[in-house]
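>>> With the sequence up front, the predicted model follows.
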Amino acid sequence: METAGLTVHGQAVPFSTALRSLVNNPRYSDVRFVVGQERQEVFAHRCLLACRCNFFQRLLSTDLDSGVLEVLTAALEYGLEDLRELCLEFVVKVLDVELVCEALQVAVTFGLGPLQERCIAFIEAHSQEALQTRGFLELSASALLALLHSDRLCVDEAELVRAVRSWARVGAAVLERPVAEVAAPVVGELRLELLAPAELSALEEQNRREPFIPVEQLVEAWKCHALRGGTLARSTPCRRRRGTLPREHHRFLDLPLK
């Protein structure tokens, strides 16, 4: 330390010795690891872990419920089964609107069936809020496809169409590909037959300005309207979702509500 010409030299050895005494010392520690089948406890300090390891710096500088997905991913990649189970148990406990789409992505990527089902059930109950999160916009096509299969999404189809378009726009900007190309794997799951004629017309006009949905899919939706009481309308695979708002033409389609 230097002040107005005065120099004071500290002693490095005693200081390093004092720091060494903190290693695996439960006194004043604020992190505890449970290691191995013997569940041996190892004590540490957040500040020391963060300044010496980039992984712990990222983990300890974020909210625990976000950081746990990084730990879960590492446990899955390195085959750490005990840590994997602990992380899965924790994710289920802290699942919320901001976390759920990120957790769904991890579940789909690593084939975690029970976690995927839990995430989809949560989104079904909080559909409108989940569709507005950054995590939704960052879903892969396969993860979004799994979500769009659901009949129990509590959201109207018109709103779902808008959300998927926003998702495709983000993907197009990131991947530098056309919106229609990014959307191609998932738009077939949009149930356009549920939209009213005026909504279909507006969607068709928007589609001319920014291609998003294949023309053939729009044609099939119009056929459903044109043949209201016919065999084609009654045999359509289209189903209402839990959040589908009623339209006058729905009574002609004889669609089940699950």
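That came through fine. Numbers count the residues shown, from 1 in each chain.

>>> would you list every one of the strands in the protein?
2-3, 6-7, 31-35, 40-44 (DSSP state E).

>>> Mean neighbour count and distance to L160 for those strands - can I get that in CSV?
For glycine as for every other residue, the C-beta is placed from the backbone atoms N, C-alpha and C. Putting the strands of the chain into CSV (neighbours: other Cβ atoms under 10 Å; distance: least, Cβ to Cβ, whole Å) gives the following:
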stretch, mean neighbour count, distance to L160
strand 2-3, 7, 65
strand 6-7, 7, 69
strand 31-35, 12, 43
strand 40-44, 14, 46
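
>>> which residues touch the longest helix belonging to the chain?
Identified as the longest helix of the chain according to DSSP state H is helix 157-175. Residues outside helix 157-175 that contact it (Cβ atoms under 8 Å, 6 or more residues apart in numbering) are 128, 131-132, 136-139, 144, 148, 153, 155, 177-183, 186-187, 190-192, 194-195, 199, 203, 212, 241, 244-245.

>>> From the rest of the structure, what touches stretch 197-208?
With contacts defined as Cβ under 8 Å, 6+ apart, stretch 197-208 is touched by A158, V161, L192, L195, F212, I213, V215, L218, A221, W222, H225, H249.

>>> closest to L104 among those?
Distance to L104 across these (Cβ to Cβ) is lowest for V161, with 20.0 Å.

>>> quick revisit: among the strands of the chain, which is nearest S16?
Nearest to S16 among these is strand 40-44 (17.3 Å), distances taken as Cβ to Cβ.

>>> angle of that closest one against strand 31-35?
Strand 40-44 and strand 31-35 are oriented at 150 degrees to each other (axes from the mean of the first three to the mean of the last three Cα atoms, to 10 degrees).
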